[in-house]
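S.K.: Predicted structure and sequence below. I'll ask about it afterward.
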Amino acid sequence: MPSLSLASRQVRILLVVAAAVVVLLVVYVFAALSSGGTARSGTVVGGVDISGMTPEEAAAAVSAQTAPRLDKQLRVRAEGLTFRIKPSQAGLSVDAMASVEPAFGRVWNPIALLTSADLDLPLVPAVDETALANEVTQIADAIARPAVEPRIVMRDGTARVKEGQPGQSLDAAQMTTNLQEAFLLPRKPLQAPIDVVPPVISPEATDEAIALARAAVSAPVTVQAGPVQAILTGEEIGRSLTFTSEGATLVPQLNGAELHRAIADELASVETPGRDATFRIRKGVPRIVSSKVGRGVEDDELATAVAGVIGNPVGDRTATVSVGLREPSLTTADAAQLGVKEKISSFTQNYPYAAYRSQNIGQAAERINGTLLMPGETFSLNDTILERTVENGYTTGYVVGEGGVFREDLGGGVSASATTTWTGAFYAGMERVQTIAHSIWISRYEPGLEATVAWGVFDLKFRNDSPTAVFITAGTTPTSMTVSFWGTKQYERIEAESGPRTGIVAFSKVYNESPDCEPQSGIDGFTITVDRVFYQDGAEVRREPITTRYKPAPQVICDKKPKKKGDRPGQQGETDFGPGVDAGQASDGASDAAGAESTATDEPQPSEKPSEKPSEKPSEKPSEKPDRRPSAEPDVFLN
């Protein structure tokens with residue numbers, strides 16, 4: 001039976017093969033089901049070999065081995081500034097578990113089960129969006145420069161255009177993306193994405209305004225007031241003419257009171273002086289000064305009539321106004337109903353004496369004094385103290401220039417009037433409309449509770465949101481200014497609660513070989529929040545947080561920058577901002593800040609005693625500077 005024996009052998013072979021296949025299948029299934037618990041041989045995540053590791057071991061290895069290189073500082077450069085950013089403080093880290101997760105899971109490919117993985121996986125970033133946004137905001141604040149709108153300047157009867165300048169701002173969204181991408185890459189400096197911010201007022205609107213201004217001062221205007229003719233010269237019209245920004249246009253405005261003063265002598269024969277009711281403070285109590293009806297030309301009517309002819313040619317420039325009773329705009333009876341009956345707040349700001357301060361702050365105080373702010377009205381410091389020009393009584397002093405470096409300009413010191421006025425308004429409960437802090441912290445001021453102004457750029461504005469009027473008084477000594485608010489208290493008391501300084505940014509060193517260089521001490525930048533807390537009947541009824549970010553001011557060294565090994569051309573003079581550091585962790589930074597406070601108040605040495613009155617014109621030097629260190633008194637926020 002040979003054929004039967006052969007068949008039997010074939011069956012046995014088939015059974016053996018089948019059994020082998022079953023065994024291999026079982027081994028394969030077991031191997032596949034067992035895979036994924038550990039990383040296969042040759043698996044690399046972010047440069048870290050995790051072969052044979054469990055997910056937990058792999059995540060720990062990736063975290064430990066990538067941390068030293070990934071937490072190296074990121075550098076962002078923008079126009080000579082360098083910002084150093086520590087990723088951990090900017091909310092940038094690695095999600096280790098998400099990074100290793102693709103390396104685990106069952107493998108069903110039998111070839112893959114028998115070979116190494118050769119798998120190279122990227123790191124997965126984890127982003128704390130709030131922390132990153134805060135870091136980007138600090139960069140944006142340091143880089144931001146508002147556009148300067150074109151202005152029409154009237155001086156000595158001549159109109160000219162002061163051209164506007166584009167500003168700049170950080171593209172925060174792109175900067176955020178760039179930082180996230182750069183975090184996982186080898187370190188190299190990033191260029192900050194900067195957008196140009198053009199002025200809002202168009203060249204066409206500027207041309208139209210300057211044409212009108214030049215026409216306005218090109219010839220006199222005859223004012224016909226009853227039987228009297230008075231002549232307004234082009235220079236007198238120019239002194240009363242201003243242009244304000246309204247959207248994309250410049251709108252002319254004539255000051256009727258200024259025009260009236262210019263021709264008061266010529267109108268004297270048809271006018272009888274009157275006055276508005278006002279207040280005087282006697283023995284700490286507001287007293288009403290009675291109003292008086294006058295006769296003559298109304299200021300508003302005069303301004304309207306003159307405005308109607310200033311664009312006309314010679315021979316057609318006569319403005320006709322009526323002569324009648326000049327009713328006071330505020331009567332005695334009206335004043336008695338305003339609720340000006342007690343002191344609401346008072347604040348005194350001290351400062352070292354300097355001749356330019358005495359003159360500039362004195363001019364500002366004189367114009368602030370006697371301001372009556374009706375319910376709902378908004379106070380503007382720029383409108384009140386006028387442009388800082390020689391014609392308006394201001395002289396040259398120190399202001400904050402580009403990059404936090406002090407320089408000289410007209411009106412230096414006026415920011416002390418802004419700080420004094422705003423602090424008084426703060427404690428009086430006035431509604432904050434626009435307050436701009438100094439770009440750098442000046443140690444004589446309470447951080448977060450101060451303000452500055454810049455003509456044509458920004459203002460100090462607050463609104464009287466109480467149901468009663470507020471009367472503001474202001475006065476100066478050679479070394480201080482005091483502003484008081486009088487009216488009716490709406491709250492039992494108002495207090496300021498200052499939070500800690502956070503996000504401290506160390507100041508840098510700037511070397512300057514210019515003969516005009518002025519050395520200055522460095523001041524750290526930081527962020528602080530001051531809460532305005534309102535109390536009534538012994539309980540807190542309202543809280544208003546005000547957050548201020550100060551930029552660092554560099555230490556200016558009037559010398560050549562020492563060369564260091566590895567310096568590249570073009571590096572000298574670069575300002576380098578360190579990483580933001582939590583105030584609680586930065587004892588060195590806090591110490592530096594304290595040092596800045598003690599040195600920032602080194603002032604130019606004052607004269608032996610103050611002059612009795614301001615000089616008639618600006619001196620070539622605002623004060624003696626034997627140590628050539630500028631006063632820490634900014635007025636212009638240009639950096």
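M.R.: Yep, it's here. Numbers count the residues shown, from 1 in each chain.
S.K.: where along the stretch 351-500 of the chain do the strands fall?
M.R.: Along the stretch 351-500 of the chain, counting by DSSP state E, counting those that start in this stretch, strands occupy 371-373, 378-380, 396-400, 406-410, 431-434, 461-463, 470-477, 480-487, 493-498.
S.K.: And the chain, what are its domain boundaries?
M.R.: Per the record, the chain has its domains at 1-28, 29-74+84-141, 338-602+630-639, by automatic domain parsing.
S.K.: Mean neighbour count for the ones you listed - can I get that in JSON lines?
M.R.: Heads up, the C-betas are built off the backbone N, CA and C, glycines and all. Shown next, in JSON lines, are the domains of the chain (neighbours: other CB atoms under 10 Å):
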{"stretch": "domain 1-28", "mean neighbour count": "10"}
{"stretch": "domain 29-74+84-141", "mean neighbour count": "17"}
{"stretch": "domain 338-602+630-639", "mean neighbour count": "19"}
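S.K.: can you put those domains in CSV and add mean pLDDT?
M.R.: Listed next are these as CSV, based on pLDDT from 0 to 100:
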stretch, mean pLDDT
domain 1-28, 65
domain 29-74+84-141, 77
domain 338-602+630-639, 80
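S.K.: Let me know whether T222 touches A319 as I believe.
M.R.: Yes - between T222 and A319 there is a contact under CB atoms under 8 Å: 7.1 Å.
S.K.: returning to what we had before: just so I know, which of the strands of the stretch 351-500 of the chain lies nearest K343?
M.R.: Checking these against K343 by CB to CB gives strand 480-487 as the closest, at 5.7 Å.
S.K.: packing partners for that closest one?
M.R.: Applying 3 or more CB pairs under 8 Å, 6 or more residues apart in numbering; DSSP states H and E, we find strand 480-487 packed against strand 278-282, strand 342-350, helix 355-368, helix 415-428, strand 470-477.
S.K.: tell me the angle of that strand relative to strand 278-282?
M.R.: Angle, strand 480-487 to strand 278-282, by axes from the mean of the first three to the mean of the last three CA atoms, to 10 degrees: 120 degrees.
S.K.: partners of strand 480-487 in the sheet?
M.R.: strand 342-350 (antiparallel), strand 470-477 (antiparallel) (DSSP bridges).
S.K.: how about CSV for the ones you listed, with distance to V16 added?
M.R.: Compiled in CSV, those are given as follows (distance: least, CB to CB, whole Å):
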stretch, distance to V16
strand 342-350, 103
strand 470-477, 107
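S.K.: I'd like to know which of those is closest to D120.
M.R.: Minimum separation from D120 across the strands paired with strand 480-487 (CB to CB) falls at strand 342-350, 63.9 Å.
S.K.: Now do that closest one: everything it contacts.
M.R.: For strand 342-350, contacts defined as CB atoms under 8 Å, 6 or more residues apart in numbering pick out 284-286, 416, 419-420, 423-429, 444-445, 470, 479-489, 494.
S.K.: Between helix 415-428 and it, find me the angle.
M.R.: Using the same axes, to 10 degrees: strand 342-350 against helix 415-428 is 150 degrees.
S.K.: Strand 342-350 relative to helix 355-368, how many degrees between them?
M.R.: Using the same axes, to 10 degrees, strand 342-350 lies at 170 degrees relative to helix 355-368.
S.K.: and the angle for strand 342-350 with strand 493-498?
M.R.: Using the same axes, to 10 degrees: strand 342-350 against strand 493-498 is 30 degrees.
S.K.: Adding distance to V148, write the helices and strands packed on strand 480-487 out as JSON lines.
M.R.: As requested, the helices and strands packed on strand 480-487 are exported to JSON lines (distance: least, CB to CB, whole Å):
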{"stretch": "strand 278-282", "distance to V148": "37"}
{"stretch": "strand 342-350", "distance to V148": "28"}
{"stretch": "helix 355-368", "distance to V148": "21"}
{"stretch": "helix 415-428", "distance to V148": "18"}
{"stretch": "strand 470-477", "distance to V148": "29"}
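S.K.: Can you list the low-confidence ranges for the stretch 101-250 of the chain?
M.R.: Under the criterion pLDDT under 70, the flagged ranges of the stretch 101-250 of the chain are 105-118.
S.K.: Run through the strands of the stretch 101-250 of the chain in chain order.
M.R.: Under DSSP E, counting those that start in this stretch, the stretch 101-250 of the chain gives strands at 119-121, 125-127, 151-155, 158-162, 167-170, 190-191, 194-197, 221-225, 228-232, 241-246, 249-254.
S.K.: which of the ones you listed is buried the deepest?
M.R.: Highest mean neighbour count among these (mean count of other CB atoms under 10 Å): strand 221-225, with a mean of 20.
S.K.: In its sheet, which strands sit next to it, and in what direction?
M.R.: By DSSP bridges, strand 221-225 pairs with strand 228-232 (antiparallel), strand 318-321 (parallel).
S.K.: how far does the first one sit from the chain's center?
M.R.: In other words, strand 228-232. In terms of CA atoms, centre = their mean, to the nearest Å, the centre of strand 228-232 is set 47 Å apart from its chain centre.
S.K.: Likewise for stretch 200-214?
M.R.: 28 Å.
S.K.: Could you do stretch 472-485 as well?
M.R.: That offset, for stretch 472-485, works out to 26 Å (CA atoms, centre = their mean).
S.K.: and G52, what does it touch?
M.R.: Counting by CB under 8 Å, 6+ apart, G52 has contacts T38, A39, S41.
S.K.: what helix or strand does the first one sit in?
M.R.: This points to T38. Per DSSP states H and E: T38 is located in neither a helix nor a strand.
S.K.: do the same with the last one
M.R.: Using DSSP H and E, S41 falls within no helix or strand.
S.K.: Just want the phi and psi numbers for it.
M.R.: Recorded main-chain torsions at S41 are phi -60, psi 140, according to degrees, to the nearest 10.
S.K.: now swap in P328 and tell me
M.R.: P328 adopts backbone torsions of phi -60, psi 140, taken as degrees, to the nearest 10.
S.K.: now Q434: how far from R532?
M.R.: 16 Å (CB to CB, to the nearest Å).
S.K.: swap that for T272, sorry
M.R.: Remark: distance between T272 and R532 (CB to CB) = 47 Å.
S.K.: can you check A209 too?
M.R.: Where R532 is concerned, A209 sits at a distance of 39 Å (CB to CB).
S.K.: For A78, which non-adjacent residue is closest in space?
M.R.: The spatially closest residue to A78, leaving aside those adjacent along the chain, is A192, at 3.8 Å (CB to CB, 6 or more residues apart in numbering).
S.K.: do the same with D128
M.R.: Nearest to D128 is G91, by CB to CB, 6+ apart, at 2.9 Å.
S.K.: Correct me if wrong: the one you found contacts V136.
M.R.: No - with contact defined as CB under 8 Å, G91 and V136 do not form a contacting pair (10.2 Å).
S.K.: circling back to that earlier point, so what's the residue nearest to D128 up against?
M.R.: Counting by CB under 8 Å, 6+ apart, G91 has contacts V127, D128, E129, T130, A131, L132, E135.
S.K.: again, only this time at 7 Å
M.R.: Remark: with contacts taken as CB atoms under 7 Å, 6 or more residues apart in numbering, G91 is in contact with V127, D128, E129, T130, A131, L132.
S.K.: Identify the farthest-apart pair in the residues you listed.
M.R.: The span of these, defined through CB to CB, is set by V127 and T130 at 9.7 Å.
S.K.: For D459, give its distance to Y356.
M.R.: D459 is 22 Å from Y356, by CB to CB.
S.K.: should've said G247
M.R.: G247 sits 36 Å away from Y356, going by CB to CB.
S.K.: ditto for T482
M.R.: 20 Å.
S.K.: any chance you could map the helices in the stretch 1-150 of the chain?
M.R.: Under the criterion DSSP state H, counting those that start in this stretch, helices of the stretch 1-150 of the chain are mapped to 2-34, 55-70, 96-100, 110-114, 129-143.
S.K.: tell me what the last one is packed against?
M.R.: Using 3 or more CB pairs under 7 Å, 6 or more residues apart in numbering; DSSP states H and E, the elements in contact with helix 129-143 are strand 81-85, strand 167-170, helix 172-183.
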